[in-house]
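# Here is my input, please return the structure:
(one chain, ligands or ions: 1)
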Amino acid sequence: MSTANDCGACPVAEMGRRAFLRNAALAAAATMAAIGLAPGSAFAEAVRAVTPLSAAGAGGTDRVYRIPSADSVSIDRGNDVILVRWQGVAYAFSLKCPHRGTRLEWHADESRVFCPKHKARFRPDGAHDSGRRTRNLDRYAIRREGATLVVALDRVYRADADAAAWTGATVSVD
Ligand code: FES
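From the prediction side, this is the model:
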């Protein structure tokens, strides 16, 4: 005979469980939308360290990286570069905060680039998101060559000084 405590498989309990799971999924989707991410677009892994495959360019100022195979954030501390692949697009940012030059971090739990000095946050495409008011992350010129990304360290664009160049400093990696 069933009691109030062993009703885990009864129809009423099953309906309640389904409603709970549905509501939890909706809440998760709402949270993702609130922070500017489509459901399923969160980064699969934490930040990783990267070093260039080689240097190139006329003055040796280009850095060549392997194209990341999935959405990810890689940091090249030796060259102060943040390399991001996000939703089919690659970006290369300066690792220095556009406000006062503090070295930036990646916070995987919120999918944001974070400045530990004054708490500015930036989206994976470099747009300023919250915290200390400053400009977007500075972007390096980037191009695709075969299975590699080439980042020109001598060409860095500020969103507030050259919006067209900043907007164009992306490359498709789909
Ligand atoms: S130095 Fe990064 S927000 Fe001030």
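# Might you report the residue contacts of residue 74?
Neighbour list for residue 74: 47, 48, 49, 50, 65, 68, 82, 83, 84 [criterion: C-beta atoms under 8 Å, 6 or more residues apart in numbering]. C-beta: built from backbone N, CA, C; applies to glycine.
# Give me the subset of those residues lying in helices.
Among these, none falls in helices (DSSP state H).
# So which of the residues you listed is surrounded by the most neighbours?
residue 82 (28 neighbours; other C-beta atoms under 10 Å).
# List the residues that contact that residue.
73, 74, 75, 76, 92, 93, 94, 95, 104, 106, 113, 137.
# quick one: which of those is nearest residue 170?
Closest approach to residue 170 among the contacts of residue 82 (C-beta to C-beta): residue 92, at 9.3 Å.
# Identify the residues contacting that closest one.
So residue 92 contacts 81, 82, 83, 84, 139, 140, 142, 149, 151, 169 (C-beta under 8 Å, 6+ apart).
# Need the contacts of residue 74 in CSV (columns: distance to the ligand).
Output for these, formatted as CSV (distance: C-beta to the nearest ligand atom, whole Å):
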residue, distance to the ligand
47, 17
48, 22
49, 21
50, 22
65, 25
68, 25
82, 14
83, 20
84, 18
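# So which of those are in strands?
Among the contacts of residue 74, the members falling in strands (DSSP state E) are 48, 49, 65, 82, 83, 84.
# SS state for the closest residue to the fifth one other than its chain neighbours?
Once flanking residues are discounted, residue 83 sits nearest to residue 74: 4.4 Å by C-beta to C-beta, 6 or more residues apart in numbering. Classification of residue 74 using DSSP: H, G, I helix; E, B strand; the rest coil returns strand.
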